[in-house]
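Peer 1: what would the 3D arrangement of this be:
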Amino acid sequence: MRAVLLTGAGRGFCAGFADLGDRDPKKGDVPDLGDTLNNFFNPNVQADPRHAKTGYWLSMGRRPARVPILRSAAILCLPRKSAKFLQAFARIGLIPDAGGSWTLPKLVGPARARGLAMLAEPLDAETAADWGMIWRAVDDTELMDEATALATRLANGPTAGLALAKQAILAATENSLEDQLALEAKLQSQAGATADYREG
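Peer 2: Take a look at the predicted model:
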């Protein structure tokens, strides 16, 4: 497997991870949503993103800033221009979770993150691209052709080096410059030993 193209079907690419119907406080005991996060969602968010051999996922959907797997797995988000992105937690009295409050400020800055999280207003795809949340927005009629071409390009590219570049960029959000330089040297040694580098 050299590239994975994830698409949505129906109204939304991702409407959230949990069915809150079984956690409705009007139905009995007040559920401990933090316990649910700690036991089920957070371990997946914290999984080491370096396990993927290839590491290219193109995601075409509504909510790249919300979906925690995008921190580790989705490399290029390519929504149609008509797509909307939404942090809906404020509408039900909750906060962004499963890494949402960590990822969003890093993507768009704290001021925009506060606005998105506290106002729960939809954000259009072109603005999401301008803010650096996604790779780019594509005309609705051209989406599948563009996504397929991009997946093909990645699959035909130097996948080992690209996966190492992904790893370095993911680490940069937490590393000091010194740590990042050391990581670059380590990963460059690996990249320099590949057949892709010899060919390039």
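
Peer 1: avg pLDDT for stretch 153-161?
Peer 2: For stretch 153-161, mean pLDDT rounds to 92.

Peer 1: could I get the CA-only coordinates of that stretch as CSV?
Peer 2: Extracted in CSV, the C-alpha atoms of stretch 153-161 (Å, rounded to 0.1, in the frame of the first residue of the first chain):
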residue,chain,number,x,y,z
ARG,A,153,1.5,11.2,-7.6
LEU,A,154,2.2,10.3,-4.0
ALA,A,155,2.0,6.6,-4.7
ASN,A,156,4.5,7.0,-7.5
GLY,A,157,6.9,9.2,-5.5
PRO,A,158,9.7,8.4,-3.1
THR,A,159,7.5,7.0,-0.4
ALA,A,160,10.2,6.3,2.1
GLY,A,161,11.5,9.8,2.1
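
Peer 1: buried residues of that stretch, list them for me.
Peer 2: Neighbour-count burial for stretch 153-161, with 16 or more other CB atoms under 10 Å as criterion, is recorded at L154, P158, T159, A160, G161. For the C-beta atoms, the positions are set from N, CA and C on the backbone; glycine is no exception.

Peer 1: now those in TSV, with distance to G99 and secondary structure?
Peer 2: Formatted as TSV, the buried residues of stretch 153-161 follow (distance: CB to CB, whole Å; DSSP: H, G, I helix; E, B strand; the rest coil):
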residue	distance to G99	secondary structure
L154	24	helix
P158	29	coil
T159	26	helix
A160	27	helix
G161	27	helix
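
Peer 1: save these as JSON lines, and put in distance to Q188 too.
Peer 2: Output for the buried residues of stretch 153-161, formatted as JSON lines (distance: CB to CB, whole Å):
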{"residue": "L154", "distance to Q188": "20"}
{"residue": "P158", "distance to Q188": "13"}
{"residue": "T159", "distance to Q188": "16"}
{"residue": "A160", "distance to Q188": "12"}
{"residue": "G161", "distance to Q188": "9"}
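
Peer 1: which residues touch the residue of the chain most remote from its centre?
Peer 2: Distance from the C-alpha centroid of the chain, by CA atoms, centre = their mean, peaks at G28 (34.7 Å). By CB atoms under 8 Å, 6 or more residues apart in numbering, no residues touch G28.

Peer 1: and it, what's its pLDDT?
Peer 2: G28 is given a pLDDT of 75.

Peer 1: on that earlier part again, between the buried residues of stretch 153-161, which is closest to V138?
Peer 2: V138 lies nearest to L154 out of the buried residues of stretch 153-161, by CB to CB, at 15.8 Å.

Peer 1: gap between the closest one and A125?
Peer 2: Computed as CB to CB, to the nearest Å, the L154 to A125 distance reads 21 Å.

Peer 1: what mean pLDDT does stretch 41-58 have?
Peer 2: The average pLDDT for stretch 41-58 rounds to 54.
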